[in-house]
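Enquirer: return a 3D structure for these sequence lines:
(3 chains)
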Amino acid sequence: MAKSDGYSNRELTREMIVGTFIGSVFIVLVVFTIVVSGSRIFSGGTHPLTVRFDRVGGLRRHDSVLFRGVPIGKVKQLELNKDGVVVHLTLDERVQLREGYRIQAMSSSLLGGMQLVIDEGYGELVPPGTPLEGLSPDNVIEDIGALVRDVRGSLNSGGVLTNLEQAVADITEVTGRLRRGEGTLGKLLAADDTLYKDIEATLADIRAIVDRVEAGEGTLGKLLAADDTVYRDLADTMANLKKITGRLEAGEGTLGKLLAADDTMCRDLTDTVANLKTITGRLEAGEGTLGKLLAADDTMYRDLTDTVANLKTITGRLEAGEGTLGKLLATDDAMYRDLAETVASLKTITGRIEAGEGLLGQLMSEKSAISTEVEGLLKDGRDMIDDLREASPISTFSSIFFGVF
Amino acid sequence: MIRFESVTKQFGRRKVLDEISFEIRKGEVFVIVGASGTGKSVTLKHMVRLLTPNAGRVMIDDVVINHAYGRELERVRERFGYLFQGGALLAWMNVFDNVALPLREKTRMGKDEIARKVRETLAMVGLENDGDKMPSEISGGMQKRAGLARAIVRDPEIVLYDEPTSGLDPVTARMIDQLIARLNRQIGITSVVVTHDLHSALTIGDRIAMLKNGKVAELSTPAEFRKSRNPAVREFLDAQFITPEAQEGGF
Amino acid sequence: MIVREPRQFPETTNSLQNLGRRCLVIIGETGRCGVLLAQSLWAARHLLVSRRMRRETVAQMYVAGIRSIPVITIVAVFTGMILALQTGLVLSRYNQEIYVGSGVMVTMLREMGPFMTGLILAACVGSSMAAQLGTMMVNDEIAALEIMSIDPVRFLMTPRMVAMLVMTPVLSFYTCMMGVLGGGVVAMTQLNLKWSQYMVNAMDFADIKDLYVGLFKSVIFGATIVTVACYEGFTTEQGAVGVGMATRRSVISAFLLILVLGYFVTRIFYN
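Expert: Prediction:
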């Protein structure tokens, strides 16, 4: 009875339990609050970044920040102020921005959802503490419009017309020189010693290959050893080739004339032979598909048989003057002129393309406005598609899912 | 001391009290009898403003308590002790704490003083050894005595007993009667007893009021009550085998 | 506030009158509940001076909080597991199971934590509170308190109210954590995620606002449960049958109010 006014043991135990429970939950709550509210006392190692934008195109808190396509952080906060939007980011990695950096909000899927893409730039390091400016989000339709305007502008400014005029002048000159031309073949035989040596080396290589074929090595060797129809086919092919080259030598047909007329052909041929030498050398070394063919594998037996048979037929038909190439080899002067002009034009054009002139040239070369645009467009497109593929399901799903709340 | 003036109480369309008037004098044992549902408990509850009359006045020492509220009501209620039918002990406290409750809550008495007073009161009702028992561990009679102890622990002027002997065995019932009588005689507590136990009423009552159909059918001393020619009273007496010739105070 | 006299309305003769009467009853009950709530909160000032009341409050915390922990733990863990499994199944179609953590965390913090806690407490604590007070009412214990000039609202309701107001947010947060842990178990075992992946994602999406709105919501639920339970308890009539009815009504009303108030709190904070 005396105890009844004071604390009973049971009461004391209860109070202890209640206190312990509330206390422990409260501690967890405090820790949770601190962790979630972003005071990174416990995790450490995040890098804040603040960027000012004119527009952000629907960027939201928690949207991903991509750097070289890798998600490295989140949008932490967006603030509207009087001259734009200040976006606070938390990044897991330190990002070194350089001159020409681009920070841009982009849609992460066709269905919506945004992400922030950081392009580090390529110039000098941006000193720390510099206020960062972000680009307004792209509007693809607008960009295409701009591109079309650029193209039309360059057409109207006369560049293309000038190019065409130039091209016509060049072609006239080249065809003139072709008509006055010296013999290619003579020069080929007389003028250059290196060509001879190259051919010799090539022949040596071919001989080595033939030796190995004779010894029955590789697919080709087996082929020849087992079956002599292929041999005969090859022999016929060779004979046909010989006839063709004979006629070429005599200056017959378009190709023959071509060889006889132009000096430049000589250099081309020299280079070609040199290339041939390299190729045969590599064949000898077992490199490339053909090299492998000669060296190890005999699964290609039937393929090769067929191929050689076809080759025979083709050369036969060439000899008979059938087909385009056959006609080419036969006598037709008009064709020669056409071809000559075409080659010349081609040369001029490729030359000028290489020199970076004209629209196409500009397109091929770097650093011109249009090419940068096109490149950018391509890149953006590629980025967008990549990002779409990467992020669209979740951002769409999560926006639908959490949009409910 | 307690005066009812034309008190009417309606529950819905049913008139439980129909303009009843009576007065309870200081120091007497006033017994209200009647069949079940005749408004005995309702009458009692009006005295402490657990119920409010629809018409008429309930007065305690010339103070109308019909609309007493707050401190005023508290002062009125301080003068009363109330023993409910089941004792109405708080189930989660032991007997000691139940009795100590009004002292702890409403007085500034110290811990030791409270303990002494509670033990004294428990001894008065014969529960001096049962203070640390829980209400569920003791019998109905003990619960009523514990309830009585709680009702009187603050030395009230008036104690209201609602069916103090119902549901008890006759021996315990007589013990309660004796207790009521002793409290009345020794301490001078004015007592109002509601009961349908006529033996009890005739034994302890100074005056007996009989309620029937919301009216006071008879108001007299036990001796007169026994001899009453009132048919309602007669019927009631006969039902409990009490004859006019029986001896008074025969216990 | 303690009602001993049934409210009487004139007999109705048609269903329209009946409807009107029901509306009046509901409006009246709402008002009385509001008064009861205000009284119990106002009476909480006595906690500063009454050691006995503080001890009673702690006892109620034990009853309401600690005794509910087993049920709450089971419900919370399985809620988290179900959430993780369902969102995981959908997300795995897009190979995005990694986002399961965020789904579980956000759902638990915003809705399921307070909601589950509220429903469990309404069912476990609210019903027993209504039954206890109803029994006390029927046994005249409340009347006895009144005769002793002990305010039943202060003496009985305030400790329960304060205990509940303290325990509901605590339990709600506990529920959230248990749910997230339960979800993590599913993420590890069924969705082949690493524990760290799951937790990092979950914590990434945990928001302070979600957390505290959830806790606020649970406080509202706690107050609702106690108010409804005490109101039903204090208005119990007709003995044991009345106690049963009061208990039933308190659970139903608390459930409905938790749903409705939950919506409105969400509406206010996530407009």
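Enquirer: looking only at pLDDT, what's the mean for the host helix or strand of A:G73?
Expert: If you go by DSSP states H and E, A:G73 is part of strand A:70-81. On average, the pLDDT along strand A:70-81 is 82.
Enquirer: that strand packs against which elements?
Expert: Strand A:70-81 sits against strand A:47-53, strand A:64-67, strand A:84-91, with contacts defined as 3 or more CB pairs under 8 Å, 6 or more residues apart in numbering or on different chains; DSSP states H and E. No exception for glycine: its C-beta is placed from N, CA and C like everyone else's.
Enquirer: I'd like these laid out as a markdown table, including mean pLDDT.
Expert: Shown next, in a markdown table, are those (pLDDT from 0 to 100):
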| stretch | mean pLDDT |
| --- | --- |
| strand A:47-53 | 83 |
| strand A:64-67 | 84 |
| strand A:84-91 | 84 |
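Enquirer: can you tell me which of these is most buried?
Expert: Per residue and on average, the most neighbours among the helices and strands packed on strand A:70-81 fall to strand A:64-67, with a mean of 22 (mean count of other CB atoms under 10 Å in any protein chain shown).
Enquirer: so what touches that strand?
Expert: The contact list for strand A:64-67, computed with CB atoms under 8 Å, 6 or more residues apart in numbering or on different chains, reads A:71-75, A:89, A:91, A:93, A:95, A:108, A:115-118, A:120, A:387, A:391.
Enquirer: would you mind listing what in the stretch 151-271 of chain C touches chain A?
Expert: C:166-167, C:170, C:173-174, C:177, C:203-208, C:211, C:266, C:270 (CB under 8 Å from any CB of the partner chain).
Enquirer: and these, which is closest to A:I34?
Expert: C:I208 (9.8 Å; CB to CB).
Enquirer: pretty sure the closest one contacts A:F32?
Expert: No. Judged on CB atoms under 8 Å, C:I208 makes no contact with A:F32 at a distance of 9.0 Å.
Enquirer: what number of residues lie near the residue in the stretch 51-200 of chain B that chain A sits nearest to?
Expert: Here the stretch 51-200 of chain B gets closest to chain A at one residue, B:G131, 4.3 Å apart by CB to the nearest CB. Residues lying near B:G131 (other CB atoms under 10 Å in any protein chain shown) number 22.
Enquirer: now name the helix or strand holding it.
Expert: Counting by DSSP H and E, B:G131 is part of no helix or strand.
Enquirer: so what does it look like in phi/psi?
Expert: phi -60, psi -30 (degrees, to the nearest 10).
Enquirer: with just CA atoms, put the helix or strand harbouring B:L237 into CSV.
Expert: Using DSSP H and E, B:L237 sits in helix B:231-239. Only the C-alpha atoms of helix B:231-239 are listed here, as CSV (Å, rounded to 0.1, in the frame of the first residue of the first chain):
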residue,chain,number,x,y,z
PRO,B,231,-52.5,1.4,-2.7
ALA,B,232,-49.2,2.0,-4.5
VAL,B,233,-47.4,1.8,-1.2
ARG,B,234,-49.4,-1.2,-0.1
GLU,B,235,-48.7,-3.1,-3.3
PHE,B,236,-45.0,-2.3,-2.9
LEU,B,237,-45.0,-3.4,0.8
ASP,B,238,-46.9,-6.6,0.0
ALA,B,239,-44.5,-7.5,-2.7
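Enquirer: where along the stretch 1-150 of chain C do the helices fall?
Expert: C:15-42, C:51-64, C:69-92, C:100-107, C:113-121, C:127-138, C:141-147 (DSSP state H, counting those that start in this stretch).
Enquirer: out of those helices, which comes closest to chain A?
Expert: Closest approach to chain A among those is made by helix C:51-64 (4.2 Å; CB to the nearest CB).
Enquirer: so what's the most centrally placed residue in chain B up against?
Expert: By CA atoms, centre = their mean, chain B has its centre lying nearest to B:Y161, at 1.6 Å. Shown in contact with B:Y161 (CB under 8 Å, 6+ apart): B:83, B:148, B:180, B:191-195.
Enquirer: please spell out the PyMOL selection for the buried subset of those residues.
Expert: Those of the contacts of B:Y161 that count as buried under 16 or more other CB atoms under 10 Å in any protein chain shown are selected in PyMOL with:
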select buried, chain B and resi 83+148+180+191+192+193+194+195
